[in-house]
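>>> predicted structure and sequence below. I'll ask about it afterward.
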Number of protein chains: 2
Amino acid sequence: MTRGSITIGDVAAKAGVSRATVSRAFTRPNLLTPAVVEQVRRIADELGYVPNRIARALSTGRFGTIALLVPDIANPFFPPLIRAAQARADALGYAVFLGDSDETPDREDRLLAKLAPQVDGFVVASPRLDEARIRFHAGQKPTVLINRDIAGVPRVLIDVRGGIEMAITHLFALGHRRIAYVGGPAASWANQQREQAAMAAAQRFGIEELAIPAYRPTYEAGQAAVERLLAAGVSAAIAFDDIVAQGLVAGLSARGIVIPRDLSIVGFDDVLAVTTYPPLTTIDAHCADAGAAGVELLLEIIETGEKRDACQIIPTRLVQRESTGPVTTGEAIPGRSPSAGNRRRSTDQRGRT
Amino acid sequence: MTRGSITIGDVAAKAGVSRATVSRAFTRPNLLTPAVVEQVRRIADELGYVPNRIARALSTGRFGTIALLVPDIANPFFPPLIRAAQARADALGYAVFLGDSDETPDREDRLLAKLAPQVDGFVVASPRLDEARIRFHAGQKPTVLINRDIAGVPRVLIDVRGGIEMAITHLFALGHRRIAYVGGPAASWANQQREQAAMAAAQRFGIEELAIPAYRPTYEAGQAAVERLLAAGVSAAIAFDDIVAQGLVAGLSARGIVIPRDLSIVGFDDVLAVTTYPPLTTIDAHCADAGAAGVELLLEIIETGEKRDACQIIPTRLVQRESTGPVTTGEAIPGRSPSAGNRRRSTDQRGRT
DNA sequence: GGATGCCGTGCAACCGGTTGCATGAAGCGA
DNA sequence: TCGCTTCATGCAACCGGTTGCACGGCATCC
């Protein structure tokens, strides 16, 4: 099956050159006469020769593969990220192993160990593993983290503070003075970061902010949080992510609460915003960019051999759709500048294309 | 990094045996004296020797890896499939390459060629490539197709006819006599299959059925098809997939049409049904099962070496939620048993767990 | 006690590339 | 014209395993 396929020897024989020359025609063409390179490549094409990456890996110690680990492929945050990462890697000549850790640190650990001997490096998105283990693995193989901030390990982060700041500016302008942050998994680094950013920004605006847990980043968890949200007596909520936001919207609508008339909802990630009703105002996390950036950073580290302590920030932006609106009832504490309440302000400032 | 690690030679030297013996101690221990095996393994452990999979792959031609190709990771149909496939492969000791062909046959072709020399086989979900090329690749490496029926190539298929039949039975019982099938990409095998099944089933029930194209399997395409759908004057529609259905629902709602009062909608795949409003009645395609089954079939073929012409059918079931209801207006042709119109019938017969 | 067979082990070739070094031809200055 | 570079190419070793075959020792059997 694999046997019997075209090898470098076949091409060499047909082209009347040595195997070394064929090899160089592909890996170091500048060492050869252009005419020879051209001829070898033509014959290789004719024969349908494809370099055997395994054999190459054995002699160079480089595999031309990377592994991308995610906690849950089915979480809509990851597919665009995976897609972009895969496309970028493919364009740069690398193949991608995909691993799903199923949200469990142990499986993540096992996948890292298992794949290590056959990849040049790792991109680990939203790692669930503890810092010590991550450090250990990162010491073995070039590793780039996405969405996790560990000093010394190259990483790609989302500009959560910027996005949250825009969201709160937006809500403030609409007159909201008492809002909620509906959180995801308590143990999740992303959740802690988002919650802290929301608290800090609210404080700066003099907005009262309550943290309401949703425990898991799912639609059902969002629905289940509705009761607690209503009990909090807020006029707006920022959700951990779009999924939780969607659950909130569904749960609220089911109780006859009209969005955004009665309550404004802001999502996070912009992974399904257009497809909700009403279309969700959300913080676009540019997750595809994060995936591409992670791969690029990793390959740069692999190819230069430099162990730079890079920390790349992906900008966010607020995408204003229809799940947020001005405060209309007097239920919330009006604050000191109620006249600003109905002024709609464009916060749709693109971070980048 | 990889260099400088312990090799079979180091173990051989320390154990005072040949490299061949060390190799056999791991791969064919029954050929050796138990005492030797035990001693070699102990020394290997002491030294921290781990067999190099790449080197092994080069000589055996077996890699312990498979590739999973999908047309678009971001299409919600695939993440559950990928997830299940990855989990199954991992459990059986294989690592998974993921390839996204971006819906283009050429990229699919290229990915197959590129990955072929480093995998033991392929699972190709919803291939976009033409039959001849698929046959060609399947001839080179063990290949299992999901969602594409090519005689002679092992494949896992969705029981589209069964699902459609249940959906139409359901709609008929609700009194619908004139319905539409809102199709996906015309060139897609899945679309053709679904459309034909819908037409055939409708005919059996004496239901009038119109085909309305949506051209692409996207939310926007679904929205764009609304006008054509309304012009058709039907009382119900079956969509190519849940995404198109969601687009239809959104487009209809935006025009003030209430679902299911004014129009019933049935989706296909059950990948986002709960999260729509109203929750979507849909045909559950068990896509996770399909992914797992594809991997299992492939590994069986790889490990037994048999080239069986397998064709495994994944059962479907109708999941009845709230986007379908009885015909209430007289706009549709009432048919001959209008009294059956309001009888709600449970069609939620599980195909399997 | 010698022929026979079995079995555990080693030798060496091989998988399909890459690469350091040697070689020989061409180019060039004196 | 000669000697020195320069450069394109080939030779052969190597990456780290696996495996067909040969060999030699020992038990078995006549």
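Received, thanks. Residues are numbered from 1 along each chain as shown, chains lettered A, B, ... in the order given.
>>> where do the domain boundaries of chain A fall?
For chain A, the structural domains run A:8-51, A:65-158+A:289-314, A:160-285+A:316-342, going by automatic domain parsing.
>>> out of those domains, which gets nearest to B:T65?
Among these, the nearest to B:T65 by C-beta to C-beta is domain A:65-158+A:289-314 (7.8 Å). In this view, the C-beta of every residue, glycine as well, is placed from N, C-alpha and C.
>>> what's the mean pLDDT across the closest one?
On average, the pLDDT along domain A:65-158+A:289-314 is 93.
>>> that domain and DNA strand C, are they touching?
No - Domain A:65-158+A:289-314 stays clear of DNA strand C (C-beta under 7 Å from any atom of the strand), getting no nearer than 11.6 Å.
>>> sec struct for A:A190, please.
Here A:A190 takes the helix state, with states given by DSSP: H, G, I helix; E, B strand; the rest coil.
>>> tell me the contacts of the residue found closest to it once you drop the neighbours it is linked to in the chain?
Among residues not flanking A:A190 along the chain, A:N147 sits closest, at 5.7 Å (C-beta to C-beta, 6 or more residues apart in numbering or on different chains). Residues in contact with A:N147, defined by C-beta atoms under 8 Å, 6 or more residues apart in numbering or on different chains, are A:125-126, A:156-158, A:189-190, A:290.
>>> which pair in those spans the largest distance?
Based on C-beta to C-beta, the longest span within the contacts of A:N147 runs between A:W189 and A:A290 and measures 14.6 Å.
>>> more neighbours, the two?
When neighbours are counted by other C-beta atoms under 10 Å in any protein chain shown, A:W189 and A:A290 differ, and A:A290 comes out ahead with 25 against 17.
>>> and the more buried one, what element?
Here A:A290, judged by DSSP states H and E, is contained in helix A:287-304.
>>> so what touches that helix?
Applying C-beta under 8 Å, 6+ apart, the contact partners of helix A:287-304 are A:62, A:66, A:68, A:77-78, A:80-85, A:87-89, A:92, A:94, A:120-123, A:125, A:142-147, A:154, A:156, A:158, A:269, A:271, A:306-308, A:310, A:312, A:314, A:352.
>>> in that helix, what counts as buried?
By 16 or more other C-beta atoms under 10 Å in any protein chain shown, the buried positions in helix A:287-304 come out as A:287-302.
>>> ok, now stretch A:8-23?
Using 16+ other C-beta under 10 Å as the test for burial, stretch A:8-23 gives A:8, A:10-12, A:14-15, A:17, A:21-23.
>>> now stretch A:312-327
For stretch A:312-327, a neighbour-count test (16+ other C-beta under 10 Å) marks A:312-321, A:323-327 as buried.
>>> which residues in the stretch 51-200 of chain A form helices?
For the stretch 51-200 of chain A, helices defined by DSSP state H, counting those that start in this stretch occupy the ranges A:53-60, A:78-91, A:105-115, A:131-140, A:160-173, A:189-205.
>>> OK, contacts around A:G121?
A:G121 sits next to A:66-67, A:141-144, A:298-299, A:301-302 when contact means C-beta under 8 Å, 6+ apart.
>>> which positions in chain A make contact with DNA strand D?
Residues of chain A found near DNA strand D (C-beta under 7 Å from any atom of the strand) are A:16-21, A:24, A:31-33, A:36, A:55, A:58-59.
>>> just the ones of these in strands?
Using DSSP state E, no member of the residues of chain A next to DNA strand D sits in strands.
>>> quick revisit: now distance to DNA strand C and pLDDT too, for the buried residues of stretch A:8-23, in CSV please.
Formatted as CSV, the buried residues of stretch A:8-23 follow (distance: C-beta to the nearest atom of the strand, whole Å; pLDDT from 0 to 100):
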residue, distance to DNA strand C, pLDDT
A:I8, 3, 94
A:D10, 8, 93
A:V11, 8, 94
A:A12, 9, 94
A:K14, 13, 93
A:A15, 13, 93
A:V17, 11, 93
A:T21, 8, 94
A:V22, 7, 95
A:S23, 3, 95
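>>> thought A:R216 was touching A:G184?
Yes - A:R216 lies in contact with A:G184 (C-beta atoms under 8 Å); the separation is 7.0 Å.
>>> between those two, which is the more surrounded one?
For A:R216 versus A:G184, the count of surrounding residues by other C-beta under 10 Å is larger for A:G184: 25 against 18.
>>> how close does that one get to DNA strand D?
A:G184 sits 43 Å away from DNA strand D when distances are taken as C-beta to the nearest atom of the strand, to the nearest Å.
>>> quick one, what contacts that residue?
A:190-191, A:194, A:214-217, A:221, A:240-241, A:244 are the contacts of A:G184 under C-beta under 8 Å, 6+ apart.
>>> so what's A:I168 up against?
Going by C-beta under 8 Å, 6+ apart, A:I168 touches A:179, A:198, A:201-202, A:205, A:207, A:238.
>>> tell me the strands beside the helix or strand containing A:T282, with direction?
Using DSSP H and E, A:T282 maps to strand A:281-284. Its sheet considered, strand A:281-284 pairs with strand A:264-269 (parallel), strand A:317-319 (antiparallel) by DSSP bridges.
>>> list of residues touching that strand?
Strand A:281-284 has contacts (C-beta under 8 Å, 6+ apart) with A:163-164, A:166-167, A:170, A:242, A:245, A:264-270, A:273, A:316-324, A:351.
>>> dump the C-alpha coordinates for it into CSV.
The C-alpha atoms that make up strand A:281-284 are tabulated as CSV, following Å, rounded to 0.1, in the frame of the first residue of the first chain:
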residue,chain,number,x,y,z
THR,A,281,-24.7,42.5,20.9
THR,A,282,-21.5,40.8,21.6
ILE,A,283,-17.7,41.2,22.0
ASP,A,284,-16.0,39.9,19.0
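>>> how far out from the middle of the chain is it?
The chain centre lies 15 Å from the centre of strand A:281-284; the measure is C-alpha atoms, centre = their mean, to the nearest Å.
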